[in-house]
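1. next come a sequence and a model predicted from it.
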Amino acid sequence: MSKILVTDLDGTLLGGTPDDRRRLRDALAHHPEVVTVFATGRGLASIRQVLRDPLVPRPRWIIADVGATVLDGADLTPVDPVQDQLRAGWPGPERVRAALLRFPALAYQHGVHQDGRCSYHLPPDGLTGELTAAVEELGCTWEYSADRYFDVLPPHASKGDALRALAAKLGWQPDEILVAGDSLNDLSLFRAGTHAVVVDGAEPALLTALIGNPLVQRPGLPGAAGIHAALRTLGWTSRGADHGIGAEAATEPPVGRHSLVVAYHRPPLHWNGESWQPPDSPNGILPTLSSAFADDLPGVWVAARTGRDRQAPLPHPASAPPLAAVPVDPATWSGYFHRACKETLWPVLMSAPDRAVFDEGAWADYRTVNARFARHISAQAAPGATVWLHDYNLWLVPGLLRRARPDLRTGLFHHTPFPDPETFAGLPVAAELRSSLACLDWAGFHTEAFADRFRRTLAGLPGPPRTTVHPLGIDRPAVERLARLRAPHRRPDTRRVVLSVERLDYAKAPVQKVDAVDRLLARRPDLRGRLVFRLVCPPPEPGITAYESTRRRLERRVAETNSRWRSGSWQPVDYRPHRLSTAEVVDQYLTADVLWITSLQDGMNLTAKEFVAARAAFPEHRADPGVLVLSRHTGAAAELGEAALLTDPHSPEDLTAVLAHALDLSPAERRTRMVRLSALLGHSRPADWAHEILRAIRSGAHRGPAA
């Protein structure tokens, strides 16, 4: 559930002693799931000055100009169409000032920046029926507070109206919101039906108006101390947080004992119902990080525990990296991973923004999980520790850590592609994400192209992170050993086998490949009865609905193609919608004439490298080493492209033509290409890759607290 603090500034958030304000700031930093919203009469120029105060928490959203302005706190840009809705009917400052010149008691505030409103000083005896009627004749409304301030506003603008409009846009519920104020122009906030706190020293007229309201807390404490007390009463912050330890983190190992914290949304092991099991494959991010820890890498791994893993006992440190678990209930995990990650962010990463679906509730779960990760990381990290984050699943953690633990050095490696700036900007939460990513000290990528897109996406933000390129390799000796072990038992296949091994994902273009096989058979009668396209395509984890339409289309096209070309016991598409063991995958590598990788976008694609390692393990007697057909949109193409056959999966004709060319290559050219592929693959260890990245994160100037 979201937690939203909506607070006035002067006399409220900025009230109380410096120690009061510091304690509130620290409590909010250690509970980053509590989103802060300013609701103030100040204009933007004045708010910028407030944000320079180190005791002020950074707001996620800002209601300014007594409700006439709504800003995104990440980049201080207007939130449309909310702001347009609030300013509807505003006649403009010139017309307002001209109409009110006949009231000598009004003194226009020339030194105050105003936007969408007109602000005056007015003594109490000047607040007459004639004045308010003149305002209403303009089609405007007004606010009067502190026996001094008179604001003329658009007809639908007030702090309360702005809060209701923002809540409607973002999906907040009244019981998720706490409003805090001290002045009569905060009254509209208190009438929004939310939790509320009125701080000590509040305007008497406000206190009178709130008599009998059961939702309002009156802790009898000034400013920040009153807000802090109300947050504790609601259970939104804990007393442990007052001392720098969140409630959940207090149950973890002692604070600050690790010089390195690695954070990934997955743990290094999985629970099979009886015991913790390591990943089946020797390659990929989980085994790579596990091997780095086994290679004397000191530190702790922070990961989510969800599903059946939540109830399992933690793995013993002797069999796995030290693990700090972030419990995530199934409903929150579904919103976070299945929807926000896979339906909102994944399509954008794959440069397919038309597939993206944004849901405010799911994004609230994404924020919640990122906040929990930030809290656990903060609790585990020693002063000045290195934090190594992985992938888009934790994009909000850098910003949260910068506020809570500015002493940490934080890096993030992207295993996925990164979209171009225009595609990224299409996300409804692009500003929020850019603000957080700008808080990194370092960002890493598989290719220079992805790194360049990242740099351009953050262009214009102050102090962007250092960005470098570190392509991930494979455990080549492990693949070669397994290939040599399996080779004597492999059954030869007289057919021409084209192999794809990939999870079910539209980004892998499985339907496009079946279509290409269909076209190829129509053009090449000589391949009928001889060509087999073996598609090993296990489904994603249960609960991800984003790929359902792809699965249905794939199954339909497989059935149609096989029905069209089937002859006797032969059919062209051998569709295997289940996971194979690593040994079985290597068997397929050794059998295939062509490995066909057609990703529309791919951060790296280690399958290509495994295929090369398996086939190059027998240079002395392999007559036909096979051909690698590789999408030019994969990270692996940047390393292996000069010896692989490159294809463009966005072009149906190219897919078909390049596959035909691969099948027609002579054995001599296949051998030449494989020798070159083997040399390009190299022999670097994944554990060395991990150590290289840690050196990159730790090198260079540390950027410290956010401005």
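-> Structure received.
2. who does the longest strand anywhere in the chain pair up with?
-> If you go by DSSP state E, the chain has its longest strand at strand 381-390. Looking at strand 381-390 with DSSP bridges, its partner strands are strand 258-263 (parallel), strand 409-413 (parallel).
3. need the residues that contact that strand.
-> 256-265, 285, 377, 397-398, 401, 405, 407-413, 415, 693-694, 697-698 (Cβ atoms under 8 Å, 6 or more residues apart in numbering). In short, each C-beta sits where N, CA and C put it, glycine included.
4. got the CA positions of it in CSV?
-> Provided in CSV are the C-alpha atoms of strand 381-390 (Å, rounded to 0.1, in the frame of the first residue of the first chain):
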residue,chain,number,x,y,z
ALA,A,381,26.3,-1.7,4.1
ALA,A,382,29.2,-0.5,6.2
PRO,A,383,30.2,3.2,6.1
GLY,A,384,31.6,3.9,2.6
ALA,A,385,30.6,0.5,1.2
THR,A,386,30.2,-0.4,-2.4
VAL,A,387,26.7,-1.2,-3.7
TRP,A,388,26.4,-3.2,-6.9
LEU,A,389,22.8,-3.2,-8.3
HIS,A,390,21.6,-5.2,-11.2
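5. and the helix or strand that comes right after that strand, C-alpha only, in CSV?
-> Once strand 381-390 ends, the next helix or strand along the chain (criterion: DSSP states H and E) is helix 397-404. In CSV, the C-alpha atoms belonging to helix 397-404 read as follows (Å, rounded to 0.1, in the frame of the first residue of the first chain):
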residue,chain,number,x,y,z
VAL,A,397,17.1,2.3,-5.5
PRO,A,398,19.9,4.7,-6.4
GLY,A,399,17.8,7.8,-5.6
LEU,A,400,16.6,6.3,-2.3
LEU,A,401,20.1,5.3,-1.3
ARG,A,402,21.5,8.7,-2.1
ARG,A,403,19.1,10.3,0.3
ALA,A,404,19.4,7.6,3.1
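6. and helix 397-404 with strand 381-390, angle?
-> Interaxial angle of helix 397-404 relative to strand 381-390 (axes from the mean of the first three to the mean of the last three Cα atoms, to 10 degrees): 160 degrees.
7. nearest residue to the spatially most central residue of the chain other than its sequence neighbours?
-> Nearest to the mean C-alpha position of the chain, by Cα atoms, centre = their mean, lies Trp395 at 3.9 Å. Excluding its sequence neighbours, the residue lying closest to Trp395 (Cβ to Cβ, 6 or more residues apart in numbering) is Leu433, at 5.2 Å.
8. what do you get for Leu100?
-> Leu106 (5.8 Å).
9. got any ranges where this protein has weak pLDDT?
-> Within the chain, the stretches with pLDDT under 70 are 1, 238-256, 272-274, 295-296, 307-320, 620-623, 701, 704-707.
10. which parts of the stretch 401-550 of the chain are strands?
-> 409-413, 442-445, 466-469, 496-501, 531-536 (DSSP state E, counting those that start in this stretch).
11. name the helices or strands packed onto the third one?
-> It refers to strand 466-469. Applying 3 or more Cβ pairs under 8 Å, 6 or more residues apart in numbering; DSSP states H and E, one finds that strand 466-469 contacts strand 442-445, helix 448-457.
12. buried residues, the host helix or strand of Leu131. List them.
-> Using DSSP H and E, the element containing Leu131 is helix 129-137. Within helix 129-137, the residues scored as buried using 16 or more other Cβ atoms under 10 Å are 131, 134-135.
13. ok, now stretch 279-286?
-> 279, 281-286.
14. next one: stretch 399-413
-> 399-405, 408-413.
15. again with stretch 424-438
-> 424, 427, 429-438.
16. give me the contacts around that stretch.
-> With Cβ under 8 Å, 6+ apart as the test, stretch 424-438 has contacts from 60, 72, 74-75, 77, 344-345, 348, 353, 356, 358, 363, 395-400, 412, 418, 443, 453-454, 457-458, 461-465.
17. re earlier: nearest to Arg48, of the strands paired with strand 381-390?
-> Nearest of the strands paired with strand 381-390 to Arg48, taken as Cβ to Cβ: strand 409-413 at 25.7 Å.
18. now render the buried residues of stretch 424-438 as a markdown table, adding distance to His156.
-> A markdown table is the format used below for these (distance: Cβ to Cβ, whole Å):
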| residue | distance to His156 |
| --- | --- |
| Phe424 | 33 |
| Leu427 | 28 |
| Val429 | 26 |
| Ala430 | 27 |
| Ala431 | 25 |
| Glu432 | 26 |
| Leu433 | 30 |
| Arg434 | 30 |
| Ser435 | 29 |
| Ser436 | 32 |
| Leu437 | 35 |
| Ala438 | 34 |
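19. and those, which two are furthest apart?
-> Leu427 and Ala438 (15.3 Å).
20. just how off-centre is the helix or strand Asp19 falls within within its chain?
-> Asp19 belongs to helix 18-30 when elements are defined using DSSP H and E. Distance of helix 18-30 from its chain centroid, counting by Cα atoms, centre = their mean, to the nearest Å, is 27 Å.
21. buried sites along that helix?
-> Neighbour counts over helix 18-30 (16+ other Cβ under 10 Å) mark 20-21, 23-30 as buried.
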